[in-house]
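Trainee: generate coordinates for the sequence data below:
(chains A and B)
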Number of protein chains: 2
Amino acid sequence: MLTELVRKLRAFLPPDAVLYEAEDVKPYECDGLSAYRQTPMIVVLPQTEEEIIEILQLCHSTKTPVVARGAGTGLSGGALPHHQGVLLSLARLKNVLEIDPVTRTARVQPGVRNLAISEAVASYGLYYAPDPSSQIACTIGGNVAENSGGVHCLKYGLTVHNILKLRVLTIDGQVIEMGSDALDSPGYDLLALMTGSEGMLGIVTEVTVKLTPKPDKAQLVMAAFDDVQKAADAVANVISAGIIPAGMEMMDKITIHAVEDFIHAGYDLDAAAILLCEADGMTEEVAEEIQKISTIMRESGAVKISISQNEADRLRFWAGRKAAFPAAGRVSPDYYCMDGTIPRKHLARVLRGIETLSVEYGLRCMNVFHAGDGNLHPLILYDANQPGELEKTEAFGARILEMCIEAGGTITGEHGVGIEKLDQMCLQFKPAERDLFHAIKAAFDPDGLLNPGKAIPTLHRCAELGGMHVHRGETKFATIPRF
Amino acid sequence: MLTELVRKLRAFLPPDAVLYEAEDVKPYECDGLSAYRQTPMIVVLPQTEEEIIEILQLCHSTKTPVVARGAGTGLSGGALPHHQGVLLSLARLKNVLEIDPVTRTARVQPGVRNLAISEAVASYGLYYAPDPSSQIACTIGGNVAENSGGVHCLKYGLTVHNILKLRVLTIDGQVIEMGSDALDSPGYDLLALMTGSEGMLGIVTEVTVKLTPKPDKAQLVMAAFDDVQKAADAVANVISAGIIPAGMEMMDKITIHAVEDFIHAGYDLDAAAILLCEADGMTEEVAEEIQKISTIMRESGAVKISISQNEADRLRFWAGRKAAFPAAGRVSPDYYCMDGTIPRKHLARVLRGIETLSVEYGLRCMNVFHAGDGNLHPLILYDANQPGELEKTEAFGARILEMCIEAGGTITGEHGVGIEKLDQMCLQFKPAERDLFHAIKAAFDPDGLLNPGKAIPTLHRCAELGGMHVHRGETKFATIPRF
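Mentor: Numbers count the residues shown, from 1 in each chain, chains lettered A, B, ... in the order given. Okay, the predicted model is just below:
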């Protein structure tokens, strides 16, 4: 089967675009979540939409699974290859096709890096707003697949709010356009349905993104608190005052120390929590907003407030936050990044719950996250060389996600479900809801060839998990704080 | 069949909640688009979700079509009854179930009026942002069905951007929750898919809406132009300067005259076009934005600029715009409101195209619309008592929509497809795209019982229309300006 498929692929793809030797396919065995590994049968690296159409038609007719891949920076295993499948890399489709500064849009291929869009349009005073931490490396195609967010999505929205149109290939190679260059599109909202569908409904070949004017000014308030509860209250108070900051991030004590040792951002080492709250826009507007934010921070009990006085200050304050993941890597052999969302009002309670679990599992956990969105990113610190620690870490992580669901939140803010959170999907959704997901999947891909086994758990898997939970009986969430 | 169904419905509904006599069902024969009329077999007026579940289970088991209806203010015939079906009025589900001023959300039943939400939360300094012209009467359930917009959706988004969660019943009476109280939801984006699906996928029984803080201040610039092109350029110039006004509306000469005779808003009767451009937010921010907008208007060639000096001024300027539809009713026996969107940069060209068509059809057309969104609302003036004028009007309207498609736009901005624009859907979408719509519909409603015949044209209908267009051959769009 392998040699036959390779022969057919080589009929229309150059030799360097079809990889199948073990050492050639090895680099594709995982995405950013390296806990799961699987080599694909074949890797293809097409350069044009026509080539992708031929690849899909071939895979469709031979019933071969197809897993799309951007830069492989995903954190939930969404791009994990299928061992009997074709890994479809979109890395070579990296052209910016059109920039329209008047309508403030750009049409780009899926392999264009997130930051490369902003670089390409910088001369017009524009940028692409969603800014995942991996924005130097991650591609817009991957951003669409995972509906990526970032520090600034509190004000500027997720990927779905920043794209206008998608050109998509179905599994049988037909071209579909979703969305439009205008405000709204009739018919069912395929654009939103496709965004965040983790490569299971179609292959994106073009993305029309909205561009945002660079603000005249950006300024940052850094507020230190002696109590996590007060910091969480400050977040709620800023939002309920009607302010929508450009970003509002929280770091806890363990994060502050890990980062400060490393970056020297000037964070207060005595603080129990630090909030970074940015305002951007027109100069007068920023001044007024920073004033209001500072007042609210003080009234909420901040023990120290610093306001960036220039761009160097601002970047230094951010540098610490942005280095939190590498800092975790410095203080622990391994770390495991979770991604759950909760209604903002439950921030303090869920953070206390994580602390309780941390003691229970005997594992440290750094909390650094998009507080304004209620999007948590607990980093569980562990040592993979200690037998059983990975398993303990995964169990701890799963409990955090279950706690998010109990608080009325969800099991992912921006990293996707992938294979990592399949079990939690069984908890998040009722059978009737999962049935609907399967029916929608079948509407696009009746043979289940696109990224099989990801994002939407099979009924069988949930039934097995349900059995496990029934076995635990009434004590299922006994040690998790209830809301 | 009728008496059998009535008997079964009366088993669990009170007598006044099951209507079937001709005089009782007559008031439900059309929505705001009165050109199409059809009485339903039965009207039901449930008061609880449990009752709706029973109604749906009964209709599902007897294969009876179900058409949901809010306030009946829709403008595309989306709520037109089925002659062999049950019209499901949601008017009695009108409770505000929960208001949470901290998370700034409200959970309401589908029959709650749009404006009633804002009234219910006014004491917290909050409001519900989307403001369709019919907001006094229209319900949130209908807003979800049509993904309604309004004057302020340029800045605050459409319905889909202002809701967090839906509780939905499937045709077989199962409860599905879509979205969540948190930022993002895993799995396919059912919330967006449901919004704007015109009652074809499920019945909404609860809507959790986002609430927006009332701005400290709102101020309006009224700019008069002696040339429509200059006004259109001013729209583009404001947007490309990075300003997102709270609203940006345009009126042409015929609208200005119709309105000014009626409302005395102080509009310049010599103007070829008037722009109303509003800024809202914090006081300093509004001052700066109004300053910038005025400068851009002047540089774009405005012959007269007025800035509202107080709230009375501002409301008077808006009063004219808001009275445009009734004003059309004063200057013409009948009018037909279209709703198309185009990329903003094509505004002037499409307006010229409409003028050309107006001459060709010998019918006047008022243009009053959401210029900032590129969302046109041409009002074709006609007299239904003149034989043939309605048909001519419909043909004129269809040509306008085709012109929107040619300009890269869409056939609806906020009024939906309903039955009015089924033919244009055949032009807007390729067969592969329409196939996908049908497959999604079947995933939710395999028997096609929910609002049959709306929004998504059958393949047969498009094939017939295709035949008609083939008959016209190469001259299909010959008289429409090409882009």
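
Trainee: from now on I want contacts and neighbour counts done on CA atoms only, so please keep to that.
Mentor: OK.

Trainee: return the set of buried residues in stretch A:17-25.
Mentor: Within stretch A:17-25, the residues that count as buried by 16 or more other C-alpha atoms under 10 Å in any protein chain shown are A:Ala17, A:Val18, A:Leu19, A:Tyr20, A:Val25.

Trainee: and it, how far apart are its ends?
Mentor: End-to-end span of stretch A:17-25 (C-alpha to C-alpha, to the nearest Å): 12 Å.

Trainee: again, but for stretch A:149-162
Mentor: Start and end residues of stretch A:149-162 are separated by 10 Å (C-alpha to C-alpha).

Trainee: show me what the mean pLDDT comes to for that stretch.
Mentor: Here stretch A:149-162 scores 92 as its mean pLDDT.

Trainee: follow-up on the earlier one: turn the buried residues of stretch A:17-25 into CSV, including pLDDT.
Mentor: Converted to CSV, the buried residues of stretch A:17-25 look like this (pLDDT from 0 to 100):
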residue, pLDDT
A:Ala17, 98
A:Val18, 98
A:Leu19, 97
A:Tyr20, 97
A:Val25, 96
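
Trainee: give me the subset of those residues lying in helices.
Mentor: Mapping the buried residues of stretch A:17-25 onto helices (DSSP state H) picks out A:Val25.

Trainee: least confident secondary structure element in chain A?
Mentor: Lowest on mean pLDDT, DSSP states H and E among the helices and strands of chain A sits helix A:459-472, with a mean of 60.

Trainee: hang on, the earlier thing: keep only those of the buried residues of stretch A:17-25 that are also close to chain B.
Mentor: Among those, none lies close to chain B by the criterion of C-alpha under 8 Å from any C-alpha of the partner chain.

Trainee: who touches A:Gly187 in this structure?
Mentor: Going by C-alpha atoms under 8 Å, 6 or more residues apart in numbering or on different chains, A:Gly187 touches B:Gly196, B:Ser197, B:Val417, B:Phe437, B:Ala455, B:Ile456.

Trainee: wait, is it part of a helix?
Mentor: No. Per DSSP: H, G, I helix; E, B strand; the rest coil, A:Gly187 lies outside any helix segment and is coil.

Trainee: ok, it to B:Ala302 distance?
Mentor: The gap separating A:Gly187 from B:Ala302 is 38 Å, by C-alpha to C-alpha.

Trainee: check A:Ala279 too.
Mentor: Applying C-alpha to C-alpha, the value for A:Ala279 to B:Ala302 is 33 Å.

Trainee: and what of A:Asp268?
Mentor: For A:Asp268, the distance to B:Ala302 equals 54 Å [C-alpha to C-alpha].

Trainee: ok, these two, which is more surrounded?
Mentor: Set side by side, A:Asp268 and B:Ala302 show more neighbours around B:Ala302, with 24 against 20, by other C-alpha atoms under 10 Å in any protein chain shown.

Trainee: any idea whether that one is helix, strand or coil?
Mentor: Under three-state DSSP, B:Ala302 comes out as coil.

Trainee: that one: what's it in contact with?
Mentor: B:Ala223, B:Ala224, B:Phe225, B:Asp226, B:Lys230, B:Ala231.

Trainee: same question, A:Leu427
Mentor: A:Leu427 sits next to A:Glu402, A:Ile405 when contact means C-alpha under 8 Å, 6+ apart.

Trainee: quick revisit: near chain A, which of the contacts of B:Ala302 show up?
Mentor: Checking the contacts of B:Ala302 against chain A (C-alpha under 8 Å from any C-alpha), there are no matches.

Trainee: export these as CSV, with columns for secondary structure and pLDDT.
Mentor: CSV is the format used below for the contacts of B:Ala302 (DSSP: H, G, I helix; E, B strand; the rest coil; pLDDT from 0 to 100):
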residue, secondary structure, pLDDT
B:Ala223, strand, 98
B:Ala224, strand, 97
B:Phe225, strand, 98
B:Asp226, coil, 97
B:Lys230, helix, 96
B:Ala231, helix, 96
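
Trainee: nearest to A:Leu75 among the residues you listed?
Mentor: Minimum distance to A:Leu75 across those is 48.3 Å, recorded for B:Ala231 (C-alpha to C-alpha).

Trainee: for the residue nearest to the closest one when sequence neighbours are not counted, name its beta-bridge partners.
Mentor: Using C-alpha to C-alpha, 6 or more residues apart in numbering or on different chains and skipping the chain neighbours, the partner closest in space to B:Ala231 is B:Phe225 (6.0 Å). On the basis of DSSP bridges, B:Phe225 is bridged to B:Ala273.

Trainee: could you measure from B:Phe225 over to B:Leu347?
Mentor: Distance, B:Phe225 to B:Leu347, by C-alpha to C-alpha: 15 Å.

Trainee: please enumerate the helices of the stretch 151-300 of chain A.
Mentor: For the stretch 151-300 of chain A, the helices defined by DSSP state H, counting those that start in this stretch cover A:153-156, A:190-194, A:228-240, A:253-263, A:283-299.

Trainee: of these, which approaches B:Arg298 most closely?
Mentor: The nearest among the helices of the stretch 151-300 of chain A, by C-alpha to C-alpha, is helix A:283-299 at 22.3 Å.

Trainee: which other helices and strands does that closest one contact?
Mentor: The contact analysis (3 or more C-alpha pairs under 8 Å, 6 or more residues apart in numbering or on different chains; DSSP states H and E) places helix A:283-299 against strand A:217-225, helix A:228-240, strand A:273-281, strand A:304-307, helix B:283-299.

Trainee: save these as TSV, and put in mean neighbour count too.
Mentor: Listed next are the helices and strands packed on helix A:283-299 as TSV, based on neighbours: other C-alpha atoms under 10 Å in any protein chain shown:
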stretch	mean neighbour count
strand A:217-225	24
helix A:228-240	22
strand A:273-281	25
strand A:304-307	17
helix B:283-299	19
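
Trainee: out of those, nearest to A:Ser133?
Mentor: Across the helices and strands packed on helix A:283-299, closest to A:Ser133 is strand A:273-281 (C-alpha to C-alpha), at 15.8 Å.

Trainee: how about the residues of the stretch 51-200 of chain A near chain B?
Mentor: Residues of the stretch 51-200 of chain A that fall close to chain B, judged by C-alpha under 8 Å from any C-alpha: A:101-104, A:174-177, A:180-190, A:192-197.

Trainee: thank you kindly, that will do.
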